[in-house]
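Asker: Predicted model follows, preceded by the sequence.
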Amino acid sequence: EHHLRLARLLFDTMPARDAASYNILLTALAARGRVAEALELFDEMPEPSVRSWTALVAGFAQSGRPADALRVFRDMEGAGVAPNEVTVVAVLAACADVGDLDLGRKVHGYAKRQGYSRNVLVCNAAIDMYVKCGCVDAARGVFDAMDGRTVVSWSAMICGHAMHGEGDKALELFAAMRRRGMLPNGVTFVGLLHACSHMGLVDEGRAFFESMEKDHGIAPEIEHCGCMVDLLSRAGHLQEALEFINGMPVEPNSVVWGALLGGARLHRNVEVGEEATRRLAVLDPGNDGYYVVLSNIYAAAGRWEDVARVRRAMKLRGVKKTTGWSAISVGGTVHEFAAGDCAHPQAAAICETLDGLLEEARRRGYAPDTSVVLLDMDDGEKERVLARHSEKLAVAFGLMATPPGTTLRVMKNLRVCSDCHAAMKLISEITRREIVVRDRNRFHCFKNGICSCRDYW
DNA sequence: CTAGGGTTAG
C-alpha cells in the first residue's frame, strides 16, 4: 500500500512518462484489485499495447475479480488487439473462475490456432478451465496431448478428476506419474486426498497422508489436514476426526472445523456439530453458513426448539442467510435464478415444465425431502418451496431453451440441496439429458438417473 | 537489469 502510493507519486511527478512507466503502475494497481484506478490510468494512456491490456486482464484475474478481467478482455477484442500467450492464460483462469465454458472454448481454440499449444502454462490453464467448466473429459484430452507436462499439469489433472468424483482415475494418474519418475508436490497430495475423500477410501487416504512425509519429504500442511478431517468425518469416523484435529501439526482453521461440521450433519451427530460450531463462531464469526448447517442438524434430530434458538442467535448477531442462486448459460447469455424466482420473462412456462417433470419423477419414486426446508410451515407448503429451488428452475429453463440431447451446465453458489440432488437424477433419466451441476466445491454429473458422486457427498 | 502467466482441502 505504502509502496504503491510512492510509485504513484513518482509517476505523477515524472517529467515524461513512456509506455513502460504506465504499464508498471497499471500492473501494480490491477494486481491489487484496484479496478477503478487501474481503468482510469489505462484510459489516460496514449497508446495501450497488448501488454497494457494484459496487465489489466491478468491483474484482475489474479486478484479475485474474474468478471472484471473478462469485461476488459471483451473490450480488448473490440479494440482489435490480438491476445498473446500471457493474455490467454489469464483469460482461461478467469473463465475457470466464473465457469464460462463458451468463452473458454473460444479462447482455447484461438490459442491452438496461434500455436500456443506447446506452451505448458497455456495447456495447464486450459486443463483447469475445462475441469471447472464441467468438461473433465476435454481437460483430459488436453492433458493427454501435451508433451512437456510438469508437476503442475499432473496435479491439475489429478485435482480435476477428484473434483468430478473420478477418484479411481486420479489414483491411476498418480501411479502413471510415479512410473514416469515425476515427483509429486504438496498440491498433488491435496488432489489425491480429495479423491480418496470423495470415494470413501479411508485406508488409502490415511496411507497417502503417512507417505507424503515419509516417502516424499513433503510436510503436511493445513490443506492436507483439512482433507483428512473431511475424509474421516464424511466416512462417519467422527471421533477419529476430532482426535486428528487435536493432534494436528498446525493450528486448525475454519475449513478444518467446517469439514467436521459437514460430517456431523451427514451422520446426524448433534454433539460433534455443536462442538464444531462453537469453534467456528470464534474462527469465522461473520459466516452464516455454519448456523444454517447446525440448525439442519437440529432439524434432522427433530429438535425444533434448538432450531428456533439458532435462528434467534443468527438474528441477534445480524447474520443473514446467503440467498442461493443457480445460473445456466444458454446461447451465450447467462440466466440466473434465485429460489422461488418469478423474475424471468419465461417464468410461467418454466414452472409448468418443472411441475410436469416433478410429477413424472414422483411416478418413478421421487418423494420430496421436506427436511431440508428450515422454515416453519406445513409439509404442503414445504413441498411448494422445494419445487422452486433455484437449481430446479435453472434446469427446467435449460431443458426448454436447448435442443434435445444438449448437456446442461448449471452453476450454484451454495451446495446443491439433497432434494434437488434426488430430483436431478430422475430428471436426467426422464429427459435423457446429461446435467452437470457445479457446486460450491465439486461437480455432480447426472446421467441416466445416476450421479457421478454415487450419492457419497 | 522495461512489466505479464498455470495446480490446492469445507
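Answerer: Received, thanks.

Asker: So which residues of chain A form strands?
Answerer: Taking DSSP state E to define them, one finds strands in chain A at A:325-330, A:333-338, A:408-412, A:435-438, A:443-447, A:450-451.

Asker: Quick check: which of those strands has the most neighbours on average?
Answerer: Scoring the strands of chain A by mean neighbour count under mean count of other CB atoms under 10 Å gives strand A:408-412 as the most buried, with a mean of 25. Every C-beta, even on glycine, is put in place using the N, C-alpha and C of the backbone.

Asker: What strands flank it, and is each parallel or antiparallel?
Answerer: Strand A:408-412 sits in its sheet next to strand A:325-330 (antiparallel), strand A:435-438 (parallel), going by DSSP bridges.

Asker: For whatever residue of the stretch 351-457 of chain A ends up closest to DNA strand B, give its distance to A:P404.
Answerer: Minimum separation of the stretch 351-457 of chain A from DNA strand B (CB to the nearest atom of the strand) falls at A:N441, amounting to 3.8 Å. A:N441 sits 31 Å away from A:P404, taking CB to CB, to the nearest Å as the criterion.

Asker: How about A:A30?
Answerer: 44 Å.

Asker: Looking at the two, which has the bigger crowd around it?
Answerer: Of the pair A:A30 and A:P404, A:A30 is the one with more neighbours under other CB atoms under 10 Å, namely 30 against 8.

Asker: who touches the more buried one in this structure?
Answerer: Taking CB atoms under 8 Å, 6 or more residues apart in numbering, we find A:A30 in contact with A:A38, A:A55, A:L56, A:A58, A:G59, A:F60, A:S63.

Asker: mind running it again at 10 Å?
Answerer: Contacts of A:A30 were listed using CB atoms under 10 Å, 6 or more residues apart in numbering, and they are A:37-39, A:41-42, A:52, A:54-63, A:65, A:68-69, A:72.

Asker: Could you do A:G340 as well?
Answerer: Contacts of A:G340 (CB under 10 Å, 6+ apart): A:R384, A:V385, A:A387, A:R388, A:H389, A:S390, A:L393.

Asker: rerun at 7 Å
Answerer: By CB atoms under 7 Å, 6 or more residues apart in numbering, the contact set of A:G340 is A:R388.

Asker: Same check on A:N124?
Answerer: A:V152, A:S153, A:A156.

Asker: Please repeat the previous calculation with a cut-off of 10 Å.
Answerer: So A:N124 contacts A:89, A:92-93, A:142-143, A:146, A:149-150, A:152-157 (CB under 10 Å, 6+ apart).

Asker: just A:F209 next, same as before
Answerer: With CB under 10 Å, 6+ apart, A:F209 has these contacts: A:F189, A:L192, A:L193, A:C196, A:P220, A:H224, A:C225, A:C227, A:M228, A:L231, A:F244.

Asker: What is the neighbour count of the third one?
Answerer: A:L193: 27 surrounding residues under other CB under 10 Å.

Asker: per-residue confidence for the closest residue to it other than its chain neighbours?
Answerer: Spatial nearest neighbour of A:L193, excluding adjacent residues (CB to CB, 6 or more residues apart in numbering): A:C227 at 3.5 Å. Looking at A:C227, its pLDDT is 96.

Asker: which ones are touching the closest residue to A:L354 other than its chain neighbours?
Answerer: Once flanking residues are discounted, A:L354 sits nearest to A:A396: 3.9 Å by CB to CB, 6+ apart. If a contact means CB under 10 Å, 6+ apart, then A:A396 has A:328, A:337, A:346, A:349-358, A:388, A:408, A:427 as its contacts.

Asker: Make sure A:I328 is actually in contact with A:F337.
Answerer: Yes. A:I328 is within contact range of A:F337, at 7.9 Å (criterion: CB atoms under 10 Å).

Asker: Which neighbours do these two have in common?
Answerer: A:E391, A:L393, A:A394, A:V395, A:A396, A:F397, A:V410.

Asker: Would you mind measuring from the closest residue to A:D288 other than its chain neighbours to A:H2?
Answerer: Nearest non-adjacent residue to A:D288, counting by CB to CB, 6+ apart: A:V319, 4.1 Å away. Note on A:V319: its distance to A:H2, by CB to CB, is 34 Å.

Asker: Thank you, goodbye.
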